[in-house]
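Chemist: predicted model, plus sequence, below.
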Amino acid sequence: MSESMNELEIPQVPVPPDRFAGMVIETEEQYQQACATMALISDALDKILAYYKPIVDELHQVHKAMCDERSRDTDPLAEAKKNLADATGKFLIEFEAARAAEEARLTEEAERLAQERTEDAVAELMDEGKIAEATEKLNAPVFVPPIILDRKPIQIPGIVIRTTHEAEVFDLMALVKAVAAGRVPLDAILPNMAYLNGMARDRRSLLGYPGVRVKPKATPVHKRGG
């Protein structure tokens, strides 16, 4: 490009741009000065953006072409990896759930057998006339250690299993009611500001949503050539 940044006739802003942060306008004269300065800044922005646009567009096209080429090579592999990760993750969860269920079943069976042995012993003591001993044994707690199956998780060289958890909202209204009742923190839900702002632009002061107010926002717009 023949024209350089130094050759552009960029309007000079009278004060550094960071001076306008938190600016408060109190008089009409200050308002007019602010609008004039904003017009200068708009002209400067337009010229700088116009200078960079063809450069950025060209680089963007190169970047897009490279990204497209990369995606052609990586997308099938990434999709295959995701599908395999989903399938193996589901299998491991079901595998661990089945093991836990089997351990619970075996523990319950061991507790049942222990209880039967206790009842048989109590009956034998009763038959022998040892009432006190029978009563004591009947009232004594029966402890059965939980059954832990001697099965280690499946280990595959090069693969590390990382278990994470994510939330699934299956009943939004129930969640909203719980937040309203104070049982769930307010952080659990967020307002949809894109929707609310759209409704505010459409209905303006007629928007009557509880907890929502419509605030007018005046933004001076620089008219090019004006």
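Modeler: Noted; the coordinates are in hand.
Chemist: which residue packs closest to Ala134, ignoring adjacent ones?
Modeler: With CB to CB, 6 or more residues apart in numbering as the criterion, Ala134 has its nearest non-adjacent residue at 3.8 Å, and that residue is Leu125. The C-beta positions use only the backbone N, C-alpha and C, and glycine is treated the same way.
Chemist: ok, the one you found touching Thr118?
Modeler: No: in this structure Leu125 lies outside contact range of Thr118 using CB atoms under 8 Å: 10.6 Å.
Chemist: low-confidence bits of the chain, can you list those?
Modeler: For the chain, applying pLDDT under 70 flags the ranges 1-15, 17, 151-154, 222-226.
Chemist: which parts of this structure belong to which domain?
Modeler: Using automatic domain parsing, the domains assigned to the chain come out as 9-15+23-166, 168-213.
Chemist: so how far is the last one off the chain centroid?
Modeler: This points to domain 168-213. 18 Å (CA atoms, centre = their mean, to the nearest Å).
Chemist: endpoints of that domain, how far apart?
Modeler: Length of domain 168-213, first residue to last, CA to CA, to the nearest Å: 31 Å.
Chemist: for the domains of the chain, which one sits closest to Pro220?
Modeler: Using CB to CB as the measure, domain 9-15+23-166 is the one of the domains of the chain that comes nearest Pro220, at 5.5 Å.
Chemist: tell me the helix or strand right after the biggest helix by length in the chain.
Modeler: Longest helix of the chain, by residue count under DSSP state H: helix 28-127. Using DSSP states H and E, the next helix or strand after helix 28-127 towards the C-terminus is helix 131-139.
Chemist: picking up where we left off before, so who does the residue nearest to Ala134 touch?
Modeler: For Leu125, the contact set (CB atoms under 8 Å, 6 or more residues apart in numbering) comprises Ile131, Glu133, Ala134, Lys137.
Chemist: any idea how far Lys137 is from the closest residue in space to the first one that isn't next to it in sequence?
Modeler: Here the nearest residue to Ile131 in space, its sequence neighbours aside, is Leu125; by CB to CB, 6+ apart that works out to 7.8 Å. Taking CB to CB, to the nearest Å as the measure, Leu125 falls 7 Å from Lys137.
Chemist: dump the domains of the chain to CSV, plus distance to Val221.
Modeler: As requested, the domains of the chain are exported to CSV (distance: least, CB to CB, whole Å):
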stretch, distance to Val221
domain 9-15+23-166, 9
domain 168-213, 16
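Chemist: which one of those lies nearest to Thr219?
Modeler: Of all the domains of the chain, it is domain 9-15+23-166 that lies closest to Thr219, at 10.1 Å by CB to CB.
Chemist: what about that closest one, distance to the chain center?
Modeler: Centroid separation between domain 9-15+23-166 and its chain, computed with CA atoms, centre = their mean, is 10 Å.
Chemist: helix/strand/coil for Ala200?
Modeler: helix (DSSP: H, G, I helix; E, B strand; the rest coil).
Chemist: is the nearest residue to it once chain neighbours are set aside within a helix or a strand, and which one?
Modeler: Leaving aside its sequence neighbours, Ala200 sits nearest to Val214 (CB to CB, 6+ apart; 4.7 Å). In the assignment (DSSP H and E), Val214 maps to no helix and no strand.
Chemist: is Val214 in contact with Leu207, as I believe?
Modeler: Yes: between Val214 and Leu207 there is a contact at 5.2 Å, judged by CB under 8 Å.
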